[in-house]
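*Asks:* Following is a predicted model, sequence given first.
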Amino acid sequence: MEIISKVRRVGNSLSIIIPTEAAKAHQISEGDIVQVEIKRRINIKDLFGSVNFNKSAQEMKDEDKRGWGD
């Protein structure tokens, strides 16, 4: 079962919440030791402005137009 959970600060540590449905499905209770695979999800907003092109958008547009043969 895959779940998505928001990381929260608890004191000096970080924690995640296991939804009740997932805990019940896997018979997890307080004090159990679990293995967690961590995959950071990328926020699409973080990607804006992070890609640099050799040409301006206008130069790429003009180049594409020349390829149309009009």
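*Replies:* Right, received. Where do you want to start?
*Asks:* if I look at residue 63, how far off is residue 54?
*Replies:* Noted for residue 63: a distance of 11 Å to residue 54, by Cβ to Cβ, to the nearest Å. C-betas here are computed from N, CA, C, even on glycine.
*Asks:* Look at those two and report which has more neighbours.
*Replies:* Taking neighbours as other Cβ atoms under 10 Å, residue 63 and residue 54 compare with residue 63 leading, 10 against 6.
*Asks:* Wait, a strand at the more buried one?
*Replies:* No: with the criterion set as DSSP: H, G, I helix; E, B strand; the rest coil, the secondary structure at residue 63 is helix rather than a strand.
*Asks:* can you pull the contacts of it?
*Replies:* Residue 63 makes contact with residue 55, according to Cβ atoms under 8 Å, 6 or more residues apart in numbering.
*Asks:* Give me the distance between it and residue 31.
*Replies:* Computed as Cβ to Cβ, the residue 63 to residue 31 distance reads 63 Å.
*Asks:* One more: residue 51?
*Replies:* When residue 51 is compared with residue 31 (using Cβ to Cβ), they lie 46 Å apart.
*Asks:* and residue 14, what pLDDT?
*Replies:* Looking at residue 14, its pLDDT stands at 94.
*Asks:* Show the contacting residues for it.
*Replies:* Shown in contact with residue 14 (Cβ under 8 Å, 6+ apart): 7, 8.
*Asks:* sec struct for it, please.
*Replies:* Three-state call for residue 14 (three-state DSSP): strand.
*Asks:* residue boundaries of the strands in the chain?
*Replies:* For the chain, the strands defined by DSSP state E cover 8-10, 13-15.
*Asks:* Can I get the ones you listed in JSON lines including distance to residue 42?
*Replies:* Converted to JSON lines, the strands of the chain look like this (distance: least, Cβ to Cβ, whole Å):
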{"stretch": "strand 8-10", "distance to residue 42": "19"}
{"stretch": "strand 13-15", "distance to residue 42": "18"}
